[in-house]
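**Student:** pasting the structure only:
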């Protein structure tokens, strides 16, 4: 083990294999007390958080920040791989091999003789190949394959997209979806006295709103995130305005319409 540590310390530059070696050292008998007791479940949340930090780096348009955060995501991928390597299940090379094969299979228009000269054709082929390789025999199988741990709005939008690809969707030219949203809102109002019923109706309303985002070409998660950001800015402005008017105004004296401008 000391020789392995020395080899790592003497290197001038590192690569992805060195990440795996460092994780192996950390999880060894004389390694780090924290690292060697971790399991897939114990670091599950870390993967989610690191992925969100990558997204934040992208939003900040910072190459330096993105490089660091991608490294953290890479560490999570390697860490989970090393855990399975210890069990004799698979190695980092196995992960890379499967990924490369998947990319080749799903791009027959590049690595084969399939014709796909538009984005729509590429996506259609991708979905068909994915359905076949994953053994999905029905469209229901494709819906059930959407991860249950996705943020709810993201999952709802993806479910609507896959249902649309199966041939079931709202009329793109008419007001069918808007009418459905209006009816769903009425249903929420009618059920507000019963928490369980109201929750069910509210879920239906949010599902429809996620599908509206899809139809408008928007991302429901991003739309809500942007609105949350604007909400905080409006709140800050109202609070600062109340403190500057010299009248000792309180936020509680303001109407909700000033915070929710609709």
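**Tutor:** Alright, I've got the coordinates. On a predicted model such as this, the values are computed, not experimentally measured, just so you know. Numbers count the residues shown, from 1 in each chain.

**Student:** pLDDT below threshold where in this protein?
**Tutor:** The chain contains residues with pLDDT under 70 at 242-249.

**Student:** show me how it divides into domains.
**Tutor:** With domains defined by automatic domain parsing, the chain comprises 2-105, 150-242.

**Student:** can you put the ones you listed in CSV and add mean neighbour count and distance to residue 256?
**Tutor:** C-beta coordinates here come from the backbone N, C-alpha and C atoms, glycine included. CSV is the format used below for the domains of the chain (neighbours: other C-beta atoms under 10 Å; distance: least, C-beta to C-beta, whole Å):
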stretch, mean neighbour count, distance to residue 256
domain 2-105, 13, 29
domain 150-242, 15, 11
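
**Student:** right, and those - which one's nearest residue 136?
**Tutor:** Proximity to residue 136 (C-beta to C-beta) singles out domain 150-242 among the domains of the chain, at 10.4 Å.

**Student:** which residue, other than its chain neighbours, is closest to residue 161?
**Tutor:** Leaving aside its chain neighbours, residue 161 sits nearest to residue 214 (5.7 Å; criterion: C-beta to C-beta, 6 or more residues apart in numbering).

**Student:** next, the contact list for the one you found, please.
**Tutor:** Neighbouring residues of residue 214 by C-beta atoms under 8 Å, 6 or more residues apart in numbering: 157, 160, 161, 164, 220.

**Student:** save these as JSON lines, and put in secondary structure too.
**Tutor:** Formatted as JSON lines, the contacts of residue 214 follow (DSSP: H, G, I helix; E, B strand; the rest coil):
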{"residue": "157", "secondary structure": "helix"}
{"residue": "160", "secondary structure": "helix"}
{"residue": "161", "secondary structure": "helix"}
{"residue": "164", "secondary structure": "helix"}
{"residue": "220", "secondary structure": "helix"}
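
**Student:** tell me which two of those residues sit farthest apart.
**Tutor:** Farthest pair in those, by C-beta to C-beta: 164 and 220, 14.6 Å.

**Student:** let me know the helix or strand that residue 169 is in.
**Tutor:** Under DSSP states H and E, no helix or strand contains residue 169.

**Student:** and the residue lying closest to it once chain neighbours are set aside, which of the three is it?
**Tutor:** Leaving aside its chain neighbours, residue 169 sits nearest to residue 163 (6.9 Å; criterion: C-beta to C-beta, 6+ apart). Under three-state DSSP, residue 163 falls in the helix class.

**Student:** go on, the one 4 residues further on?
**Tutor:** Three-state secondary structure (criterion: three-state DSSP) places residue 167 in coil.
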